[in-house]
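K.L.:
Fold the following for me, if possible:
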Amino acid sequence: MRRILITTLAVLVGTLALAPAVVVAPAARAGQVESVSLGLATCTLTEASVSVRGIVLDRDNTGFGVESLRIDLSDGDKQLGEPSYRVGPMGPLPSFSVGFDLTERPTKNPIKATVVSVAGNGLEELPLQSGELYCPNLPGSIVTTPADLTYPDATDVWASFEPFVAERSGSKVTYSVRTEPTTGTLDVLPNGFFIYQWGAASTVSFEVTVRNAAGQESALPVTLKRLMPSPVVLTSSATEVTQGDSVSIAARIEASDTALLPTGTVTFTGEGDGQSWAEDLGPDGVASVDIDDLPAGVHTFRASYSGDSNYAASVSEAVTVTVAAKEEPGTGEPECAEGEALNEAGECVTTGTEGEGGEGENPGGEGGKPDGGVKPEPLPDTDKTDAVLESEEPVNTVPAPIANTGAESSVWLAGASALIIGAGVSLVARRRRA
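P.N.:
Numbering: from 1, shown residues only. You can find the predicted model right below:
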């Protein structure tokens, strides 16, 4: 008996422990709603219908295993009728619809229906899903975005206003001129295409009227701007420099409107050098770059302006800079012509070896030196018999070039003369012994 009682109490305690999780504890996740839509009859302004589709009820906000929902209807500013309620058990609810008798007439778009899971059973109020309806007979169905259009040149404008207009009710719209531009000529077609021929001003503003089939209207503000020309005047600090000297290249943007100073960047390029330098425009509309590493030669530079919201991009005419090669340090000695060399006195003298003229170290011609300006006397021919000594077999030699300058060349010539005379004496002696 005791064992049965203990078992019964255990089962009861277990049941009580599980009860709060089923009846009291709320579900953790919010409900899901696929869509909320309003019927077109709502635009009669006397009654409305709201359809809710694909909802999953999973918030026990009543404590009885069911979820309570509230459907609110408004026109964005005020409630249009008393809220409608719907209660359903946990789980999916394919769809349901509710009707409203409007106690307030809507005065503007959009009309909005919102499904709310109410507060209760420890849960806070939670909006689940909403839907909107735009009625063509109410203000606000035509939604416009200001049309700000910029063009890179002064050609006539041919474009459409359609990308800047949305008619939320789906009603067809037409376009017409609301206010004229101060300069130029404007033609607007009913389908939204327009033609504007530029006048004196580079920026014009006007308004276009957009009207739907129900007679509702909206104003579309339009601003047209053409980019002003921006000639680039390029100058160089010098047109001719020596290698290693610095040269400055400056670009000035000529502004068409003194009240609108150009902004942006200028890119300098050196043709053939593969170099470029990007510099921001200063407040005076000038950008410059200093270059000090140009090699010798002719260099061509140009500058391109990026443009901004007021001025068009542009490119300058070219400027050239000629860079002369840097001269090497001199030795202080005169440069001699071909066939001449410097003597010890630092004078250019003829280097010929035939003894013909020239101002040399020995102008008097003493010793018969070739550089003395006097032709040497030939040696006496004592014996015309050809004789070749055994020790004087011909040897092919290549004489090394010797510069005929100063005393060293005189010594060499004197030694050569002594060698020739000695060879002659030896031949005479042998002949007599024979």
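
K.L.:
Surely P190 touches V173?
P.N.:
No - look at P190 against V173 with C-beta atoms under 8 Å: they stay out of range, at 9.2 Å. For glycine as for every other residue, the C-beta is placed from the backbone atoms N, C-alpha and C.

K.L.:
Those two - which one has more neighbours?
P.N.:
Taking other C-beta atoms under 10 Å, P190 and V173 do not tie; V173 has more neighbours (23 against 10).

K.L.:
May I have the beta-bridge partners of the nearest residue to S35 once chain neighbours are set aside?
P.N.:
Nearest residue to S35, sequence neighbours excluded (C-beta to C-beta, 6 or more residues apart in numbering): R53, at 4.9 Å. Under the criterion DSSP bridges, R53 forms beta bridges with S35, S95.

K.L.:
so who does R53 touch?
P.N.:
33-37, 94-95 (C-beta atoms under 8 Å, 6 or more residues apart in numbering).

K.L.:
which of those count as buried?
P.N.:
Using 16 or more other C-beta atoms under 10 Å as the burial test, the contacts of R53 include 33, 36 as buried.

K.L.:
Could you tell me the end-to-end distance of stretch 297-315?
P.N.:
Using C-alpha to C-alpha, to the nearest Å, one end of stretch 297-315 lies 24 Å from the other.

K.L.:
Off-centre distance for that stretch?
P.N.:
Put simply, stretch 297-315 sits 14 Å off its chain's centre (C-alpha atoms, centre = their mean, to the nearest Å).

K.L.:
go on, stretch 98-106?
P.N.:
Using C-alpha atoms, centre = their mean, the offset of stretch 98-106 from its chain centre is 58 Å.

K.L.:
end-to-end on that stretch?
P.N.:
This stretch, stretch 98-106, spans 18 Å end to end (C-alpha to C-alpha).

K.L.:
Kindly report the same for stretch 73-87.
P.N.:
By C-alpha to C-alpha, the extent of stretch 73-87 from end to end equals 18 Å.

K.L.:
buried sites along it?
P.N.:
For stretch 73-87, a neighbour-count test (16+ other C-beta under 10 Å) marks 73-75, 80-81, 84, 86 as buried.

K.L.:
List of residues touching that stretch?
P.N.:
With C-beta under 8 Å, 6+ apart as the test, stretch 73-87 has contacts from 48, 50, 62, 66-72, 96, 98-114.

K.L.:
Just the buried residues from these, in PyMOL please.
P.N.:
This is the PyMOL syntax for the buried subset of the contacts of stretch 73-87, where burial follows 16+ other C-beta under 10 Å:
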select buried, resi 48+50+67+68+69+70+71+72+98+100+102+106+109+110+111+112+113+114
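
K.L.:
Filter the contacts of stretch 73-87 down to the ones in helices?
P.N.:
Judged by DSSP state H, helices contain none of these.

K.L.:
Give me the subset of the contacts of stretch 73-87 lying in strands.
P.N.:
Judged by DSSP state E, the subset of these located in strands is 48, 50, 66-72, 96, 98-101, 111-114.

K.L.:
from memory P295 sits against V241, does it?
P.N.:
No - taking C-beta under 8 Å as the contact criterion, P295 and V241 are not neighbours in contact, 11.6 Å apart.

K.L.:
Need the residues touching each of these two.
P.N.:
V323.
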